[in-house]
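> Okay, predicted coordinates and the sequence, questions at the end:
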Amino acid sequence: MKQNSKTNLDEMQERRLFQIEEIGFWLTFWAAAAAVVIQAVLGADLRQIAGEGIVLLISSAYLVFATVRNGIWTKNGLAPTFRTNALVSLVPAAACGAILLIRVLAVLKRPLTLGVAGVALAFAAGCYLVCLGLLEILRAVYRKRRAKLDDAEDEIA
Amino acid sequence: MTQKALAEAVGVSRQTMNAIEQGDYNPTIRLCRAICKVLGKTLDELFGEEDE
């Protein structure tokens, strides 16, 4: 049995390397996400967080495209349903609203008024709708892809 | 036969062969077959479930 001709690793070493690379990827991803959030809270403008933002966008787009193409939704058992999407969308929406509120209060030194809270709430609601809309589009594409992959047309008789 | 010799015969590292023996790594069917061929055993003899 030959080792992979592209590398000098055997199958177990390759699998371990994949695991190491996976951890490395997620460390980078969440470090970049944390950097964006911290900078946004501290008052950085869009130009200052553009670098990390672009890295996050590219890696997220790749992840979404590759997983949906392979008929994978999540690995933690979250079902692809409207209810799950509606609940999951609350997380980024709350985060966006909180970041905006902290930024306005701490960086712009505005007092907490009903107007400020309303703007933060409206921003969070907007983020919620965008997230939910995107997740629902992805869910539809995923279902279509899943149906195609589960189709037995390529089965050898 | 030593782990090193078997590992060399099937083209993997001794570390991988040791992990298979310890049950820390599940080899692919391709590697299982290569090990069986070198040892002159069947898949069932080497990797089959033992009766309770």
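Cool, the structure landed.

> drop to CA atoms for contacts and neighbour counts, all remaining ones
Fine.

> what helix or strand is A:I23 on?
Using DSSP states H and E, the element containing A:I23 is helix A:11-41.

> Identify the residues contacting the residue positioned nearest the centre of chain B.
Chain B has B:I35 as the residue nearest its centroid, 4.7 Å off, counting by C-alpha atoms, centre = their mean. Residues in contact with B:I35 (C-alpha atoms under 8 Å, 6 or more residues apart in numbering or on different chains) are B:L6, B:V10.

> re the thing from before, tell me how far the helix holding A:I23 is from the chain's mean position?
Relative to its chain's centre, helix A:11-41 lies at 13 Å (C-alpha atoms, centre = their mean, to the nearest Å).

> what about it and chain B, any contact?
Yes: interface with chain B: helix A:11-41 contributes A:E11, A:M12, A:Q13 (C-alpha under 8 Å from any C-alpha of the partner chain).

> Show me which of these are buried.
Among these, the ones that count as buried by 16 or more other C-alpha atoms under 10 Å in any protein chain shown are A:E11, A:M12.

> List the residue ranges of the chain that fall below the pLDDT cut-off.
Here I'm looking at chain A. By pLDDT under 70, the weakly predicted segments of chain A are A:1-5, A:157.

> I was after chain B.
Across chain B, residues meeting the criterion (pLDDT under 70) sit at B:51-52.

> and with 90 instead?
For chain B, the stretches with pLDDT under 90 are B:1, B:46-52.

> Quick one: name the residues of it near chain A.
By the rule C-alpha under 8 Å from any C-alpha, the part of chain B lying against chain A is B:V10, B:G11, B:V12, B:S13, B:T16, B:Y25, B:P27, B:R30, B:L31, B:A34.

> Which among those count as buried?
Buried residues within the residues of chain B next to chain A, counting neighbours by 16+ other C-alpha under 10 Å: B:V10, B:G11, B:V12, B:S13, B:T16, B:P27, B:L31, B:A34.

> from memory the last one sits against B:G11, does it?
No: using C-alpha atoms under 8 Å as the test, B:A34 is too far from B:G11 to be in contact (9.0 Å).

> element containing the residue nearest to the centre of chain B?
Take DSSP H and E as the rule and B:I35 turns out to sit in helix B:29-39.
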